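Asks: when you get a sec, could you give me coordinates for this:
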Amino acid sequence: MAWPLIIANSFWNLQLTIDRIFLGSYSTEALGAAMAVNGVFWVPMALLQQTAGYVTAFVAQYFGAKEEEKIGPCLWQALHISWIGGLLFLGLNFLSEAFFAWVGHAPSVQALEVAYFNSLGYSALPTAVVAAVSGYFTGMGRARTVMAINFVGMAHNALLDYLLIFGKLGLPALGVAGAGYATALGTYGAAAYGLWLVFGARSGMSVQARAAWKISKSLFLQFLRYGLPSGLQWAFEGLAFTVFLIIMGRMTGGDVALASSSIAVTVMMLSVLPSMGVAQAVMTLVGQKIGE
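Replies: You can find the predicted model right below:
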C-alpha cells in the first residue's frame, strides 16, 4: 500500500525541485520570491487540499464495510468542496499586492511575489480536485493509480515550466509567472486524468454513484466536521513556516536568504514527503479495518 504513495509524494517533491531549478536559472530573485510565495500560498491551500483529501477516511471505511454505494456521494462532497474552495481562492489575488507590500521584502522581490502568487492561484481548484480523486483511490486501496495521477501532473508541469518560464517554441518568456501558470496547467492535466479514471466507462463506479452529484447537507456538514480539523492542522503548520520565511526575507540581502532557504527546504522535503506516503497507507488500512 505504501510504496506507490511514497513515489507519488516523491513526484510532487520532484515537481517542486524542477520549478526551483528553472527559476534559479532564470534569476536569484525569482527563486527567492517563489519560495516566499509557496509558504504563503500553502496556508490556505493546505486547508482546502487536506479537507478535500480527507475523503480517504470515508472511502476506506465504506470500502471495508462493503457499503460501496455510499462511496460515490462522499467523493462528490469532496469534489464540491474542491470546486467551491478553488473558486473562492481566486479572491485572494485581489489582496496579494497589499499583503506582500505589508510583508516588506525588497520592492523588486515584491513585484515577483505578486506575479507568482496570482498565477499560482489558478492551481488551487485542480490541486483540490486531485486531492479528492487521489483520496478516493487511496481509500479503495488503489495506490498505484494515485502514483500515475501524480506522474501526469509532474510531467506536464516540467514541460510547461521550460516553455513558459524561458519562452520556448514561440511562447512569451513569463519568468516567475510562467512557473505559476505551468503549475496550474499541469495540475489541470492531472485533475482531468484523475476524473476520467473515476468516471470513465472502465472505472467500475456504478451509475447510481455517478449520478449522486447533488450536495447532501448532512453528508457535506459531516465531511466538514472531520475534514476541516485535518486541513487546519496542516494550515497552522504552514503558517509557522510562512512566518519563518517572512523573517528570512527581511534579513539583509533578502533575495539571497530566500533563495538559499529554498534550496535547503527542497532537499529537506526529500525526507518529509515520502514519509507522508507511509502515513496515508496507515490511515487507509486502519479505515478499512474499522469498516470491516
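Asks: may I have the strand or helix carrying Q77 as CSV, with CA atoms only?
Replies: Here Q77 sits within helix 71-89, counting by DSSP states H and E. Taking Å, rounded to 0.1, in the frame of the first residue of the first chain, the C-alpha atoms of helix 71-89 are listed here in CSV:
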residue,chain,number,x,y,z
ILE,A,71,-18.6,5.9,-1.6
GLY,A,72,-19.8,7.9,-4.6
PRO,A,73,-21.8,10.5,-2.6
CYS,A,74,-18.7,11.0,-0.4
LEU,A,75,-16.5,11.7,-3.3
TRP,A,76,-19.0,14.1,-4.8
GLN,A,77,-19.0,16.1,-1.5
ALA,A,78,-15.2,16.3,-1.6
LEU,A,79,-15.4,17.5,-5.2
HIS,A,80,-17.9,20.2,-4.3
ILE,A,81,-15.6,21.4,-1.6
SER,A,82,-12.8,21.5,-4.2
TRP,A,83,-14.7,23.5,-6.7
ILE,A,84,-16.2,26.0,-4.2
GLY,A,85,-12.9,26.4,-2.4
GLY,A,86,-10.9,26.7,-5.6
LEU,A,87,-13.1,29.5,-6.9
LEU,A,88,-13.0,31.3,-3.6
PHE,A,89,-9.3,31.0,-3.6
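Asks: so after it, what's the next helix or strand?
Replies: helix 96-103.
Asks: now that next one: buried residues?
Replies: 96, 100, 103 (16 or more other C-beta atoms under 10 Å). Every residue, glycine included, has its C-beta placed from N, CA and C.
Asks: give me the next element, helix or strand, following it.
Replies: Immediately after helix 96-103, counting by DSSP H and E, sits helix 107-120.
Asks: not counting that following helix itself, show me its contacts.
Replies: 29-30, 32-34, 36-37, 40-41, 92-93, 96-97, 100-101, 103, 105, 174-181, 183-184, 249, 254-255, 258 (C-beta atoms under 8 Å, 6 or more residues apart in numbering).
Asks: and if we set it to 6 Å?
Replies: 29-30, 33-34, 36-37, 41, 93, 96-97, 100, 176-177, 180-181, 255 (C-beta atoms under 6 Å, 6 or more residues apart in numbering).
Asks: so which of the residues you listed belong to helices?
Replies: Secondary structure assignment by DSSP state H places 29-30, 33-34, 36-37, 41, 96-97, 100, 176-177, 180-181, 255 of the contacts of helix 107-120 in helices.
Asks: buried members of these into PyMOL, please.
Replies: To isolate the buried members of the ones in helices among the contacts of helix 107-120 in PyMOL, using 16+ other C-beta under 10 Å:
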select buried, resi 29+30+33+34+36+37+41+96+100+176+177+180+181+255
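Asks: re earlier: tell me the buried residues in the helix holding Q77?
Replies: 71-82, 85-86, 89.
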